[in-house]
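Peer 1: Predicted model and sequence follow; I will ask about them next.
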Amino acid sequence: MNPEHVFVCGHPALDFAATLRARRSTRFEMFGTPERLAAWYLESGVVDALAPCEQADVDRATAVREGVYSLVTARRLGSDYDAEALDLLNEAARQPSAVPQLTQAGRWTRATAQEALSTVARQAVDLLSGPDVPLLKECGNPECTRVYIDRSRGMRRQWCGMESCGNKIKAAAYRARRKSAAA
């Protein structure tokens, strides 16, 4: 199975919020279909097996994702939380979550889409009320809106990931320097 999603933010709730890409420009929706939502839950490691998703699950996940993004942005900027986003997240977190089981092969988590969403919502609650809040940063690429946890030495990380944003910015800066040197 080829992974469809990227996980560079350092926390499942942040990677979940990052599934709407380039919010300030061309906006690319990663949860376009129930199958893509299911793929995210599996690829993220939130669950190991998932009951089939439906469009209603996509709609709920998208709404909660936007709530998580709003709350993360508010926390990062030191602003008050949006009441609607807070209610949305807390409602999702109150639902039964995925329950891991111990098997002969190790930990195994089977869930419905609602249980997987509740698990992510609880992870967002833990993140936003935990010690990593001061480490939240937005990617330095103006096109990117991913928020990540910066655990780098001296908190000098600038991009969500080198493979995606870091290389693009560095290559563009290199081309600009070469062009101005040639002129």
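Peer 2: Received the coordinates, thanks. Bear in mind that the values here come from a model prediction, so they are computed numbers and not experimental data.
Peer 1: okay, Ala182: pLDDT?
Peer 2: Listed pLDDT for Ala182 reads 70.
Peer 1: Likewise for Ala17?
Peer 2: Taking Ala17 on its own, its pLDDT is 97.
Peer 1: residue contacts, it?
Peer 2: Neighbouring residues of Ala17 by C-beta atoms under 8 Å, 6 or more residues apart in numbering: 9, 65, 68-69, 72, 124, 147. The C-beta positions use only the backbone N, C-alpha and C, and glycine is treated the same way.
Peer 1: ok, 6 Å please
Peer 2: Counting by C-beta atoms under 6 Å, 6 or more residues apart in numbering, Ala17 makes contact with 65, 68-69, 72.
Peer 1: Just name the closest of these to Arg24, please.
Peer 2: Tyr69 (12.4 Å; C-beta to C-beta).
Peer 1: got a pLDDT number for that closest one?
Peer 2: Predicted confidence (pLDDT) for Tyr69: 98.
Peer 1: mind putting the contacts of Ala17 in TSV, neighbour count included?
Peer 2: Listed next are the contacts of Ala17 as TSV, based on neighbours: other C-beta atoms under 10 Å:
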residue	neighbour count
Arg65	26
Val68	27
Tyr69	23
Val72	25
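Peer 1: Out of those, name the ones that lie in helices.
Peer 2: Those of the contacts of Ala17 mapping onto helices are 65, 68-69, 72, per DSSP state H.
Peer 1: Can you show me the helices along the chain?
Peer 2: According to DSSP H, the helices that the chain contains are 12-17, 34-44, 55-77, 83-94, 113-128, 167-182.
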